[in-house]
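*Asks:* Coordinates only, no sequence provided:
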């Protein structure tokens, strides 16, 4: 997941924050498709019938996935589609978002995005 999400974050952030050349709509669309159709679909299947990715308790894997997904969704100003990703949506909104530290981190991310108009 990391290479695709990193590329996508750089495509969104770097032109505004560092003056890099903006990607074409086609390039950005291709990365978004990779992220939403391939990666999130795969994660949705992996967390199906599980409370968290590695069992009943949250692990570093959950935190890593949550942070990457949250960053992309917030930068693109999108929500996780419950109809398309039912298991992942439940994990994201009901389980991870109920953890105070994650909520705090998400709020800080939103502040940064707003402050720098990302």
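*Replies:* On my side now, so go ahead. Computed from a prediction, not measured in an experiment: that's the story for all the values here. Numbers count the residues shown, from 1 in each chain.

*Asks:* Nearest residue to the middle of this protein?
*Replies:* residue 69 (1.2 Å; C-alpha atoms, centre = their mean).

*Asks:* The closest residue in space to it that isn't next to it in sequence: neighbour count?
*Replies:* Closest residue to residue 69 in three dimensions, ignoring its sequence neighbours and counting by C-beta to C-beta, 6 or more residues apart in numbering: residue 92, at 6.5 Å. Placement of C-beta: from N, CA and C, glycine included. A total of 24 residues lie near residue 92 under the criterion other C-beta atoms under 10 Å.

*Asks:* Report pLDDT for residue 92.
*Replies:* Residue 92 is assigned a pLDDT of 96 by the prediction.

*Asks:* Report the buried residues of the worst-scoring helix or strand of the chain on mean pLDDT.
*Replies:* Ranking every helix and strand in the chain by mean pLDDT, DSSP states H and E puts helix 2-18 at the bottom, with a mean of 91. Within helix 2-18, the residues that qualify as buried by neighbour count (16 or more other C-beta atoms under 10 Å) are 4-5, 7-9, 11-13.

*Asks:* How about stretch 83-90?
*Replies:* Residues of stretch 83-90 classed as buried under the neighbour-count rule (16+ other C-beta under 10 Å) are 85, 87-90.

*Asks:* For these, please prepare TSV with the additional fields secondary structure.
*Replies:* Listed next are the buried residues of stretch 83-90 as TSV, based on DSSP: H, G, I helix; E, B strand; the rest coil:
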residue	secondary structure
85	coil
87	helix
88	helix
89	helix
90	helix
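
*Asks:* before we move on, back to that, just list what the least confident helix or strand of the chain packs against, helices and strands only.
*Replies:* helix 25-33, helix 60-76 (3 or more C-beta pairs under 8 Å, 6 or more residues apart in numbering; DSSP states H and E).

*Asks:* most packed of those helices?
*Replies:* Burial of the helices and strands packed on helix 2-18 is given as mean neighbour count (mean count of other C-beta atoms under 10 Å); helix 60-76 ranks first at a mean of 18.

*Asks:* Cool, thanks, talk later.
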